[in-house]
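Participant: Pasting the sequence and the predicted coordinates here, then a few questions.
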Amino acid sequence: MNVTVEKAASLLKASQPVAIPTETVWGLAARLHDEPAIRQVFFLKGRPLQNPLIIHLSDPSFLFVCCAHKPPGLHDLVSAFWPGGLTVVVPVHEKKVPSIARAGLPTAAFRIPDHKETLRLIGYAGPLVAPSANRSGSPSATTPDHIVKDFGSWLPILKATTYCRHGIESTILIWQDSAWQVGRLGAISIDAIARVLGYAPSLHKADASTPLCPGQLFRHYAPQARLTLSTEEWREELAPQYDGLLGFSDRRYPGAQRIVAMGQAADPSSVEKLLYSALRNLDHFQLHSVFVDMNIPSSVDWLAVRDRLERASHQ
């Protein structure tokens, strides 16, 4: 059910979750201070309540009101990357952010999406929580069809002129131990962040039992198919072992039974954009055992793709 910005705002105010587009992936939104609607989002996704949510804003003023203190570099990060694919996790005044949105933690996650219709919606409805619009653990939604596949046609979907130009979730930075750390690799590269901060943030060592931000539960973004990640070059004699192959459109895989392309090996941004559709296609074709071509560079451009594939395979 496609709805206008005005209709979506009305539905949200009536405690009805709405699927919203962003420049990263689609989100399943509820108003920040509407606990019954947020509980419905958790229920619809099958998401654990201890997994905190990202608060989506239309301007940074609410972030600065909520901050218990403003970490060094916060203003610079916001100025450089908002609106855009960066989420910041900071200590907050706990009375200003509902406990359910931050999973009872003393921190909360914030970002401003770079999407005109969604920003208009937030302007009407106020700050929104919006985890990805998919069943928890499965590949994120990057098209309206993915949302219908997961939830059915009853779920309101915000009409949009464009969506998901990145196709991969926001990068998450956590302020902890007097430094910024990467809680989740994503749309903004570590190199770009390092140019703003003056240092490259290290990867945060996540505790899966108490995640500080989305994306830290290890098995995630996963299709039903069993994935075998391999850096070896494909050989035709491997074909009998696999009923599918997840690879690149600019490479040849002789003898492979079913090839699903996730973009071009020469263009990591194309892989980010198509990755979740490709993972979903593995299930669409009812594949069971899939060879995944991991013969990709170790450069920072590929870190987010590598992370998602490793999590999808639970390796």
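Facilitator: Good, I have the coordinates.
Participant: switch to C-alpha atoms for all contacts and neighbour counts from now on
Facilitator: OK.
Participant: quick one: low-confidence parts of the chain?
Facilitator: Within the chain, the stretches with pLDDT under 70 are 208-209, 216-219, 315.
Participant: Mind jotting down where the helices sit in it?
Facilitator: 5-13, 35-45, 61-66, 74-81, 116-125, 144-151, 190-197, 268-284, 303-313 (DSSP state H).
Participant: my guess is Ala80 contacts Val196, does it?
Facilitator: Yes: Ala80 is within contact range of Val196, at 7.4 Å (criterion: CA atoms under 8 Å).
Participant: returning to that earlier point: can you put the helices of the chain in a markdown table and add mean neighbour count?
Facilitator: Putting the helices of the chain into a markdown table (neighbours: other CA atoms under 10 Å) gives the following:
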| stretch | mean neighbour count |
| --- | --- |
| helix 5-13 | 19 |
| helix 35-45 | 18 |
| helix 61-66 | 15 |
| helix 74-81 | 15 |
| helix 116-125 | 19 |
| helix 144-151 | 17 |
| helix 190-197 | 16 |
| helix 268-284 | 20 |
| helix 303-313 | 20 |
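Participant: Out of those, flag the one nearest Val88.
Facilitator: Proximity to Val88 (CA to CA) singles out helix 74-81 among the helices of the chain, at 8.2 Å.
Participant: tilt between that closest one and helix 190-197?
Facilitator: Angle, helix 74-81 to helix 190-197, by axes from the mean of the first three to the mean of the last three CA atoms, to 10 degrees: 130 degrees.
Participant: Restricting the selection to alpha carbons, write helix 74-81 to PDB.
Facilitator: Extracted as PDB, the C-alpha positions of helix 74-81 are listed here (Å, rounded to 0.1, in the frame of the first residue of the first chain):
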ATOM      1  CA  LEU A  74      30.800  15.200  17.000                       C
ATOM      2  CA  HIS A  75      30.100  18.600  15.400                       C
ATOM      3  CA  ASP A  76      32.600  17.900  12.700                       C
ATOM      4  CA  LEU A  77      31.100  14.500  11.900                       C
ATOM      5  CA  VAL A  78      27.600  15.900  11.700                       C
ATOM      6  CA  SER A  79      28.700  18.700   9.500                       C
ATOM      7  CA  ALA A  80      30.600  16.400   7.200                       C
ATOM      8  CA  PHE A  81      28.100  13.500   6.800                       C
END
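Participant: if we look at it, which residues are touching it?
Facilitator: Pro60, Ile193, Val196, Leu197 (CA atoms under 8 Å, 6 or more residues apart in numbering).
Participant: ok now that helix, how far from the chain's centre?
Facilitator: 20 Å (CA atoms, centre = their mean, to the nearest Å).
Participant: Stretch 290-302 now?
Facilitator: 19 Å.
Participant: thinking again about what came up before, with the contacts of helix 74-81 in mind, which one is nearest to Pro254?
Facilitator: Nearest to Pro254 among the contacts of helix 74-81, with distances taken as CA to CA, is Ile193, at 40.3 Å.
Participant: ok, so what distance separates the residue nearest to that closest one when sequence neighbours are not counted from Ala222?
Facilitator: Using CA to CA, 6 or more residues apart in numbering and skipping the chain neighbours, the partner closest in space to Ile193 is Ala200 (6.9 Å). Using CA to CA, to the nearest Å, Ala200 is found at 29 Å from Ala222.
Participant: Likewise for Gly244?
Facilitator: For Gly244, the distance to Ala222 - CA to CA - is 15 Å.
Participant: now do Val89
Facilitator: From Val89 to Ala222 the distance is 25 Å (CA to CA).
Participant: same question, Trp154
Facilitator: 24 Å.
Participant: These two: which has the busier surroundings?
Facilitator: Per other CA atoms under 10 Å, whichever of Trp154 and Ala222 has more neighbours is Ala222, with 23 against 9.
Participant: residue contacts, the more buried one?
Facilitator: Ala222 makes contact with Gly137, Ser138, Pro139, Leu279, Arg311, Ala312, Ser313, according to CA under 8 Å, 6+ apart.
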